[in-house]
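> sequence and predicted structure are below.
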Amino acid sequence: MFIRPDNKLENFKSNDLVTYIPSHLIEDFEKTGYRTPGLESGRVKSKNDCFIFVNYIRNDIIQATAEATDPRDLINNEIE
């Protein structure tokens, strides 16, 4: 369930539910899991050669604009 530095674009597909874990929170996440403050959940919209584009959920609303995210900073909740 932990961040995998070897996560690649191939590990994600459109509509997958994901969790973004900023690099400064990895150690906290390993201790407290999904209860760690500062994590963001979202849904994969698309991807390109470098990034996963995620519509994040903020204030219980899925954002209209997808944000480019490094796949190494994501956990794919669909396969956990």
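Perfect, I can see it now.

> so for the residue lying closest to F29 once chain neighbours are set aside, what's the pLDDT?
Using C-beta to C-beta, 6 or more residues apart in numbering and skipping the chain neighbours, the partner closest in space to F29 is T36 (4.8 Å). C-beta coordinates here come from the backbone N, C-alpha and C atoms, glycine included. With respect to pLDDT, T36 has a value of 90.

> neighbours of T36, how many?
Per other C-beta atoms under 10 Å, the neighbour tally for T36 reads 17.

> would you mind measuring from it to F51?
23 Å (C-beta to C-beta, to the nearest Å).

> check K31 too.
Counting by C-beta to C-beta - K31 and F51 are separated by 28 Å.

> sorry, back to before: list the residues that contact the residue nearest to F29.
Contacts for T36 (C-beta atoms under 8 Å, 6 or more residues apart in numbering) come out as 21, 25, 28-29.

> highest neighbour count among those?
Neighbour-wise, those (other C-beta under 10 Å) top out at I21, 22 neighbours.

> that one touches D73, doesn't it?
Yes. Using C-beta atoms under 8 Å, I21 is in contact with D73, at 6.1 Å.

> find the nearest non-adjacent residue to V44, please.
Per C-beta to C-beta, 6+ apart, closest to V44 is D16, 4.5 Å.

> got the contact list for that neighbour?
Per C-beta under 8 Å, 6+ apart, neighbours of D16: 43-44, 76-78.

> those residues: which two are farthest apart?
R43 and N76 (11.2 Å; C-beta to C-beta).

> now, which of the contacts of T36 sits nearest I62?
Nearest to I62 among the contacts of T36, with distances taken as C-beta to C-beta, is I21, at 18.8 Å.
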